[in-house]
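1. Let me see the structure of the following:
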Amino acid sequence: MRKLARIVAGIAIFVFAGTAFAYSHVFWLSTIEYSDFNNISKNLYIDPALEESEYKAILGLLNESKERIRNKYGSFTALPIIVITGTTKNARKYGLGNFPGKAFAAPWEQYVVVNSQSHDVNLLAHELMHAQMREVLGYWAYQTKIPTWFDEGVAMQVDYRERYKVDYKSLSPQEMDRVKMLDSPSIFWTDSKEQDIKNYRAAKAAVQEILSIYSPKSLYSMLLKIRKGEKFINVFSQSGGANEAT
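-> Purely as a prediction, here's the structure:
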């Protein structure tokens, strides 16, 4: 029995250590206020490697991206912690890796992390829209009831990058059905950049189709229904058979 207990304890320690390593960026993000990052405003932290002359441009892009969301969906109420990294080391430390930007969520806070070398109004609006979705839905409903294709498709509506330009009427029913099966991150993102772009475009088109039925400015009220317990498939029942998130 003692040997079994030691084995179980060893496995538990191993799993805990592995999890802590995998999510170490969440720890660093949650302690960003104690770091050497410059706190420019209540929730904006900028890498000390960046010059103060760059701050104005960053603030301008953030304001423009928030205004783009307001124009599309009616309001922007999220208050995520925004972290602008300026070095490869800090990009890794705060969870970006090789990505230009990411939105993260913990039950206690939301974070948007952007690499300064890649910041762009499209990227910022995209990541901030993920934060807004979480703000409206709440952490649990967002994590468990919203399919990845829909989450990304909503964010893509304020992302005007040329490679993602699409008209939903140009996609085949088969392609629309395909993307609506991509309801989790593990199957939405692949090892192929070309396939990922295809998935983003299809998700954008699928949500375009939904928003041709429901006004974009009604999105938040519909998401609130999901937050209160209604199923995704029921709330968007007229959208052409969107798949239910489980």
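
2. so after the lowest-mean-pLDDT helix or strand in the chain, what's the next helix or strand?
-> Every helix and strand of the chain was ranked by mean pLDDT, DSSP states H and E. The lowest is helix 2-22, at a mean of 39. Along the chain past helix 2-22, the next helix or strand (assigned with DSSP states H and E) turns out to be helix 24-30.

3. pLDDT below threshold where in this protein?
-> Within the chain, the ranges that satisfy pLDDT under 70 run 1-23, 238-246.

4. All the strands of it, residue numbers only.
-> Shown for the chain, the strands assigned by DSSP state E span residues 38-41, 44-46, 81-85, 101-106, 109-115.

5. Contacts for the longest one, please.
-> In other words, strand 109-115. 29-30, 78-85, 91, 94-96, 99-105, 123-124, 127-128, 130-131, 134-135 (CB atoms under 8 Å, 6 or more residues apart in numbering). Every C-beta, even on glycine, is put in place using the N, C-alpha and C of the backbone.

6. any idea how far residue 209 is from residue 227?
-> Using CB to CB, to the nearest Å, we find residue 209 at a distance of 23 Å from residue 227.

7. I meant residue 217, not that one.
-> 18 Å.

8. One more: residue 152?
-> Residue 152 is 19 Å from residue 227, by CB to CB.

9. And the two? Which one has more around it.
-> residue 152 (25 against 15; other CB atoms under 10 Å).

10. Could you double-check that residue 236 lies in contact with residue 207?
-> No - Residue 236 lies out of contact with residue 207 (CB atoms under 8 Å); the separation is 9.9 Å.

11. Which among the contacts of strand 109-115 count as buried?
-> Neighbour counting with 16 or more other CB atoms under 10 Å marks 29, 78, 80-85, 91, 94-96, 100-105, 123-124, 127-128, 130-131, 134-135 as buried within those.

12. Before I go, just wanted to say thanks for your time.
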